[in-house]
Every structure is written in structure tokens, then in C-alpha cells.
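Colleague: return atomic coordinates for the entry below.
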Amino acid sequence: MAAIDTVIFDLGAVLIDWDPNHLYEQLIPDPDERELFLAEICTQDWNHSLDAGRNVPDAVAELAMEHPEYEPEIRAWWDRWTEMLAGPIDGTVEIAERLASDRYRLLALTNFAAETWPRAVEALPFLGTMFEGVVVSGIEKVAKPDPAIYQLLLARYAVDPDTAVFIDDRPANVAAAETLGIRSHRFESPTALDAWLAAVLA
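Modeller: Next up is the predicted model:
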């Protein structure tokens, strides 16, 4: 197998701890009500539409009109978005820093809304300096696991799939990368990632 020279990271739940519960535990203390809110109003599919390029303030305003009983909570998705961001996942950041010092190319492929991405970089400046390049789904208006966003990254940064690895926490995203010939790892912990990288980079 070809030697690896490029490591492609997902960000959320791999390098950074982003979770709507960090915010909504404050706004909706009752766990059953909060679970219902995130399952039926600010849903995963709705958030995916933001990652795929839908304008966040417009989408929030529209959803608040549809659910006036939760207008303050829905508007908080935009107004208090940074409170969903708890910080870096230290063990993984340390792995990425070690890879950079070992001269591997570091790229990021992230499902992120165009409007919230600058807020994330401001809150966690390493996101703007660690990588040779970052492909942000909301800016490109196509999101993982659509193969088009992987192909865009490969073309933009002249990456050979045979010499790259990809790390993501979602099985569908890992499967999509593997169909393009990129060796991939489903992230569950920094320890497991470190062991996997030791094997594939050996």
C-alpha cells in the first residue's frame, strides 16, 4: 500500500466539542422537553440543511415563526451559537499537532454552516492555523456524506486518495470516503485513533 502523506480531519466531535446540549441545558433544563425540542424542532436534518448552505439567520427566523412557543430558544441557535462550542478535544488536538511536526499534510473536511464557521475560528484560533486547507460544507453548499465534497477537497489540494487517510465520527461519512479509496477511521476516542494511526502510518 502507498505511504500516507495526508491526514484529513473532520472537526465536530473529533477535534472540537460542539453539541447543542451545551446551550440548551441552560435554556430547557427539563431533559425530556429538551430532547423533544432537539428531535422535533431544531432537528438534525434542519441543522444539516444549515451545513449544506442554508443561511442560518434566515432559517432560524423562519423556524421561530413556525414555532412561536419556542421562539426565544430557536433564536438562541444563532444568537448564542458559541455556547454550543465547549472547546477542543485535547487528545485529538495533540495527535494532530504531532502529525504536523512529523510533516504530514493536515486538511479538514467539515460540515459547518458558513455563518457560524468564522465564530468557531474566533473562539478556537487553532482552527485557522493548524491546517493547510479547510473545506467548509456551508461555504461550498454541499455536505458530507455527498461524494462531491470529498472530490472537491481532493481536487483543490491535489490529494491522492491512496496516500491519504480520513477521520470522522459518523459512519456514513467514513463510508463515503472509503468508496473514493481513502483509508478511513471512525473516531470514537483519541486513544483508539492513535492506535489506528500507528498501524496505518507505520
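
Colleague: please parse the protein into its domains.
Modeller: For the chain, automatic domain parsing gives the domain ranges 6-17+86-200, 19-84.

Colleague: mean neighbour count and mean pLDDT added to those, as a markdown table?
Modeller: Yep, even glycine has a C-beta here, placed from its N, CA and C like the rest. Below are the domains of the chain laid out as a markdown table (neighbours: other CB atoms under 10 Å; pLDDT from 0 to 100):
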| stretch | mean neighbour count | mean pLDDT |
| --- | --- | --- |
| domain 6-17+86-200 | 17 | 98 |
| domain 19-84 | 15 | 98 |
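
Colleague: the strands in the protein, which residues?
Modeller: Counting by DSSP state E, the chain has strands at residues 6-9, 16-18, 85-88, 105-110, 133-136, 164-168, 183-186.

Colleague: dump those strands to a markdown table, plus distance to Glu66.
Modeller: Listed next are those as a markdown table, based on distance: least, CB to CB, whole Å:
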| stretch | distance to Glu66 |
| --- | --- |
| strand 6-9 | 35 |
| strand 16-18 | 24 |
| strand 85-88 | 26 |
| strand 105-110 | 28 |
| strand 133-136 | 27 |
| strand 164-168 | 31 |
| strand 183-186 | 35 |
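
Colleague: wait, which of the ones you listed is closest to Asp79?
Modeller: Closest approach to Asp79 among the strands of the chain is made by strand 85-88 (14.0 Å; CB to CB).
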